[in-house]
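give me a 3D structure for the following:
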Amino acid sequence: MTSVTADQTQGGQQGQGGQPAQPAQPAAQPATQPAQPAPQQTYQQPAQPVQQEPPRNKGLEFALNVGKVIVWLVYAYVIFAIIVLAFAFFLLLFGANPDAGFAEWIYDVALRFMEPFAGLFTPAAVGANEGGTFDVSFLFAIVVYALLAWVIHMIYEWLRHKYYITRYQTNG
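Numbers count the residues shown, from 1 in each chain. Take a look at the predicted model:
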């Protein structure tokens, strides 16, 4: 009778001196050569006549660039005006002290932007002690300035579009 050890029942084998045997190395695989990349196929487009870029009107392109700068300056002016008018509207609405430095400066600058709209709407007193004033003229001015900037931008874009359409328009 042969005796079976615990290592052998679990599938283990013993080597020399009661040490577990090293697992068997897998069989050597046959040597294969590295895969070669497939040859690249080149595609050549059929010869087409080279299209020349339409002639440029440098004077008109310069005018368009100046127009772009003017549009950006208009936007900067309008954004500043809208910010000042919004501050003035809320300072009036909450009844801010007109003698305070910041409020005085905002009211002074806002008056310059409000000149075209002065007296357009009657301001209404608001608040528990009626210290605030709801002046719709400020809101109207904000809307008008924003629309004015948008219209100027659209006119510029329309002119720019017309220039590029006529420049790249093909005959035939």
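
just give the number of residues close to Glu157.
13 (other C-beta atoms under 10 Å). Placement of C-beta: from N, CA and C, glycine included.

what's the answer for Pro123, then?
14.

Phe113 contacts Phe87, doesn't it?
No. With contacts counted by C-beta atoms under 8 Å, Phe113 stays clear of Phe87, the gap being 11.2 Å.

what helix or strand is the nearest residue to His153 once chain neighbours are set aside located in?
Excluding the flanking residues, the one nearest His153 by C-beta to C-beta, 6 or more residues apart in numbering is Val71, at 5.4 Å. Take DSSP states H and E as the rule and Val71 turns out to sit in helix 58-93.

distance of Ala124 from Gly95?
Per C-beta to C-beta, to the nearest Å, Ala124 is found 13 Å from Gly95.

overlap in contacts, the two.
Thr133 (C-beta atoms under 8 Å, 6 or more residues apart in numbering).

who has more neighbours out of the two?
Gly95 (15 against 11).

SS state for the more buried one?
Under the three-state scheme (DSSP: H, G, I helix; E, B strand; the rest coil), Gly95 adopts coil.

hang on, it packs against Gly127?
Yes. Contact criterion C-beta under 8 Å: Gly95 and Gly127 qualify, at 6.0 Å.

ramachandran angles for the closest residue to Val78 other than its chain neighbours?
Spatial nearest neighbour of Val78, excluding adjacent residues (C-beta to C-beta, 6+ apart): Ala149 at 4.0 Å. Main-chain torsions, Ala149, degrees, to the nearest 10: phi -60, psi -40.
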